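[1] Please work out how this folds:
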Amino acid sequence: MAEKKRPRRTRERILETSLALFNTHGAPQVTTADIADEMSISPGNLYYHFSNKDEIVLDLYERYEATVLPLYAHRGGRSLDVDDLWLWLHLLFESMWKYRFLYRDIDQLTSQSPKLGARFGALLRRAAITVIELCEGLTKARAMHASEREIESLAQNVVLVSAYWMSYDRVRRSAENAATEHHAGRAAYQVLALFAPYLDGDARAYFDRLAAEYL
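    Predicted structure coming up:
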C-alpha cells in the first residue's frame, strides 16, 4: 500500500499562496484577507502563524536571499570566461523571477519595512562586489580590459539594471501587448551587453553570437 503524503503545514501553504498572489498582483495590492480567502482558511488561522503581511514578506525575502547568496560567494580570484558570466546571470534571473514581487515594488516594500530595506540593501551591495570579482576573473583570463574605475561603475550599472529589469520588462510587454513570458536568457543578455565594450577577442566574438540570437 502506497504511503500517503503528509499534508503541507499551514505555514508553508500560507507562504506558497502569498508568493503566488504577490507575484501576480504585487504585494501592496494583496491583503492578509485575500490570502486567507484564497486558502479557504479564517483570518485568525493565518494570524496564528503571521502577525501581519510584513512578516510574510520578510519570510519570503529570507528564502529568496538564501537562494541567491550562494551565487554571491567569493570567487577566489580565479580566471573566468564569458560562459561563467552567462551562467551566473541565468541562475540569478531565474531566482529573481521566482520571487519577482520583491523587485516589482522594491521601493515601496523597502521603505515600509526598515528591516527589509537594510537586508535588501546589503544584498545589493554584495551583488556589486560579486560583479567586481567576476570582472577581475575575466581580466585575469584576458577576456576583458577595464580600469578599476570602469569596473566599479559597471558593477553599479549591472546591479541597477538587474534590479529594475523585471519591472521594465513587464511594462514593456504590457504596452506592446506581447504574449511572450519572461525569459531569463533575454534578461541575462541585456545585462551581459553592459560588459560588451570591455570584452576582447574570443570573449567579444562569443557575445556577438549571443546578440545575433537574442536580437
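[2] can you tell me the helix or strand for the spatially most central residue of the chain?
    The centroid of the chain falls nearest to M96 when counting by CA atoms, centre = their mean (2.3 Å). Using DSSP states H and E, M96 maps to helix 82-98.
[3] and after that helix, which helix or strand comes next?
    In N-to-C order, the element after helix 82-98 by DSSP H and E is helix 101-104.
[4] hang on, the earlier thing: which outside residues touch the helix holding M96?
    Residues from elsewhere that reach helix 82-98 (CB atoms under 8 Å, 6 or more residues apart in numbering): 64, 67-68, 71, 102-103, 134, 137-138, 143, 162, 165-166, 182, 184-185, 187-188, 191-192, 195, 199, 203, 206-207, 210. For the C-beta atoms, the positions are set from N, CA and C on the backbone; glycine is no exception.
[5] now it: mean pLDDT?
    The pLDDT scores in helix 82-98 average 93.
[6] Would you mark the buried spots in that helix?
    82, 84-86, 88-93, 95-97 (16 or more other CB atoms under 10 Å).
[7] for that helix, the distance to its chain's centre please.
    Helix 82-98 has its C-alpha centroid displaced from the chain centroid by 9 Å (CA atoms, centre = their mean, to the nearest Å).
[8] could you dump that helix to PDB, C-alpha only?
    Extracted C-alpha coordinates of helix 82-98, given in PDB (Å, rounded to 0.1, in the frame of the first residue of the first chain):
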ATOM      1  CA  VAL A  82      32.100  34.700 -20.700                       C
ATOM      2  CA  ASP A  83      30.300  31.300 -20.200                       C
ATOM      3  CA  ASP A  84      30.800  31.600 -16.400                       C
ATOM      4  CA  LEU A  85      29.300  35.100 -16.500                       C
ATOM      5  CA  TRP A  86      26.400  33.900 -18.800                       C
ATOM      6  CA  LEU A  87      25.600  31.000 -16.400                       C
ATOM      7  CA  TRP A  88      25.800  33.200 -13.400                       C
ATOM      8  CA  LEU A  89      23.300  35.700 -14.900                       C
ATOM      9  CA  HIS A  90      20.900  33.000 -15.900                       C
ATOM     10  CA  LEU A  91      20.900  31.500 -12.400                       C
ATOM     11  CA  LEU A  92      20.500  34.900 -10.900                       C
ATOM     12  CA  PHE A  93      17.500  35.900 -13.000                       C
ATOM     13  CA  GLU A  94      15.800  32.500 -12.500                       C
ATOM     14  CA  SER A  95      15.900  33.100  -8.800                       C
ATOM     15  CA  MET A  96      14.800  36.700  -9.100                       C
ATOM     16  CA  TRP A  97      11.800  35.500 -11.300                       C
ATOM     17  CA  LYS A  98      10.600  33.100  -8.700                       C
END
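[9] State the phi and psi torsions of M144.
    The phi/psi pair for M144 (degrees, to the nearest 10) reads phi -150, psi 140.
[10] Ok, R100 next?
    phi -70, psi -20.
[11] Burial check on it, number of neighbours?
    21 (other CB atoms under 10 Å).
[12] Quick check, it in contact with H25.
    No. R100 is beyond contact range of H25, at 11.7 Å (criterion: CB atoms under 8 Å).
[13] Cheers, nothing more for now.
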